[in-house]
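J.: Structure of the sequence below:
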Amino acid sequence: MSNLFWPTDAQMARLEPFFPKSHGKPRVDGRRVLSGIIFINRNGLRWRDAPKEYGPHKTLYNRWKRWSVKGVFARIMAGLAAEHGEEKTVMIDATYLKARRTAASMGVKNGGGGHLIGRTKGEMNTNLHAVCDSQGRPLDLFVTAGQVSDYIGARALVCSLPDVDWRLGDRGYDADWFREALKDKGIRACIPGRKQRKRAIRYDKRRYKRRNRIETMCGRLKDWRRVATRYDRCPKVFLSAIALAATIMFWP
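T.: Below is the predicted model of the structure:
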């Protein structure tokens, strides 16, 4: 099949240092298994529908589930993103990711807290909070239940922001505590004020237009069907799908 995905030698050289060490029985072909995992996540297929070129689907699933729970894919993205070299600008934004019945059923029964799934506008969603650099490459990712506000995501991500000059964000991040937190880190905020404010907030409108890069990044992540639609109940597994997509698309 001509549309199968296979990472290059250069890509494997960058990824393999993050793989867990094999204990006991030698691990099967890492390139083949990783390629199958990427193919399934990008196309939103069931594991049993994996092309035979990638080997047994149970091998793909078991590797995916085990490494996801251990946080391997999240560490890969974080490790590669740490080489970003950004010194000028970072951006923050959040986007909804729809949860399918297979993921949301237990969330409804138990209130959704443990599975990070919540109801927004009549649908079950997970909220992805992301930070990217000036080139639109993701630096940090964080998921919450759908009804959780942008403030919560910002509070979780503010400590991990790199040392840069500017931080761009939309009105959802207009909070005095957030502006003060950025100021304490020596970062200038380019955030328009909410309409409820009595005193207008001045911001660099020309610089603010560059924020479309993080919106484009979120849109590209949703090109992967297992990111745009959540099938997995386990938040770690779902975050792994997002981290894997970010790694392959933005940190090859």
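
J.: Can you show me the strands along the stretch 51-200 of the chain?
T.: For the stretch 51-200 of the chain, the strands defined by DSSP state E, counting those that start in this stretch cover 89-99, 118-120, 123-133, 138-145, 166-168, 188-190.

J.: Which one, of those, ends up nearest to Pro7?
T.: strand 138-145 (18.7 Å; CB to CB). C-betas here are computed from N, CA, C, even on glycine.

J.: could you give the angle of that closest one to strand 89-99?
T.: Going by axes from the mean of the first three to the mean of the last three CA atoms, to 10 degrees, strand 138-145 is angled at 40 degrees with respect to strand 89-99.

J.: Spell out which helix or strand contains the residue lying closest to Ile242 once chain neighbours are set aside, please.
T.: Nearest residue to Ile242, sequence neighbours excluded (CB to CB, 6 or more residues apart in numbering): Val227, at 5.3 Å. Assigned by DSSP states H and E, Val227 belongs to helix 225-228.

J.: quick one, what contacts Val72?
T.: 18-20, 240 (CB atoms under 8 Å, 6 or more residues apart in numbering).

J.: pLDDT below threshold where in this protein?
T.: 1-2, 24, 104-113 (pLDDT under 70).

J.: Among the contacts of Val72, which lie within helices?
T.: Ser240 (DSSP state H).

J.: Of the contacts of Val72 - the most surrounded one?
T.: Ser240 (27 neighbours; other CB atoms under 10 Å).

J.: hmm, back to that, mind putting the strands of the stretch 51-200 of the chain into JSON lines with mean neighbour count?
T.: Below are those laid out as JSON lines (neighbours: other CB atoms under 10 Å):
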{"stretch": "strand 89-99", "mean neighbour count": "22"}
{"stretch": "strand 118-120", "mean neighbour count": "18"}
{"stretch": "strand 123-133", "mean neighbour count": "23"}
{"stretch": "strand 138-145", "mean neighbour count": "22"}
{"stretch": "strand 166-168", "mean neighbour count": "23"}
{"stretch": "strand 188-190", "mean neighbour count": "19"}
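
J.: Nearest approach to Asp9 belongs to which of these?
T.: strand 138-145 (24.3 Å).

J.: which residues sit against that closest one?
T.: 74, 77-78, 81, 84, 86, 90, 112-113, 116-118, 126-133, 152-153, 156-157, 160, 162, 217, 221, 235, 238-239, 242-243, 246, 250.

J.: which among the residues you listed end up buried?
T.: 74, 77-78, 81, 84, 86, 90, 112, 116-118, 126-133, 153, 157, 162, 217, 221, 235, 238-239, 242-243, 246, 250 (16 or more other CB atoms under 10 Å).

J.: So which residues of this protein form helices?
T.: Going by DSSP H, the chain shows helices at 9-15, 30-43, 57-70, 72-81, 101-110, 150-157, 176-184, 205-208, 212-221, 225-228, 235-250.

J.: Return the most buried member of those.
T.: helix 235-250 (a mean of 23; mean count of other CB atoms under 10 Å).
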